[in-house]
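K.L.:
give me the fold of what follows.
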Amino acid sequence: MKRVITYGTFDLLHYGHINLLRRARALGDYLIVALSTDEFNRVEKNKKCYFSYEERKLLLESIRYVDLVIPEENWEQKRTDVHLYRVDTFVMGDDWVGRFDFLKEEGCEVVYLPRTPEISTTQIKQDLNRQ
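P.N.:
Predicted coordinates for the structure are as follows:
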């Protein structure tokens, strides 16, 4: 079984997220999503989420492309997760190109997928604030 992992906040879930998850899942047989916890978002990413971790987790678990949702609690856990979950392919959006290439040293393929250009959580929040 080929295992794929991706990471993110996935707040205000939209079709760009679904596109990423669909394409990530197509790269293997089993997709793991490491979901940023509320604490990690607040302290390390300086993000305030609309939905709580548990609410975002529930949404992700209901998507047919997602097999397992785990918490992302720090930047450093990626190397550990690759080994713990026996990951073959690490996937991120192309706005992170090069940032996680160190995982290749762990025997993991690293793939950066193009983002869906016309949609982003940031854009949604900006549009809602203008109304």
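
K.L.:
burial measure for residue 17, as a count.
P.N.:
23 (other C-beta atoms under 10 Å). Every C-beta, even on glycine, is put in place using the N, C-alpha and C of the backbone.

K.L.:
the helices in the chain, which residues?
P.N.:
15-25, 38-43, 53-61, 77-84, 121-130 (DSSP state H).

K.L.:
turn these into JSON lines, columns for distance to residue 103 and mean pLDDT.
P.N.:
JSON lines is the format used below for the helices of the chain (distance: least, C-beta to C-beta, whole Å; pLDDT from 0 to 100):
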{"stretch": "helix 15-25", "distance to residue 103": "15", "mean pLDDT": "96"}
{"stretch": "helix 38-43", "distance to residue 103": "19", "mean pLDDT": "96"}
{"stretch": "helix 53-61", "distance to residue 103": "22", "mean pLDDT": "98"}
{"stretch": "helix 77-84", "distance to residue 103": "6", "mean pLDDT": "97"}
{"stretch": "helix 121-130", "distance to residue 103": "25", "mean pLDDT": "78"}
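
K.L.:
which one, of these, ends up nearest to residue 92?
P.N.:
Among these, the nearest to residue 92 by C-beta to C-beta is helix 15-25 (8.8 Å).
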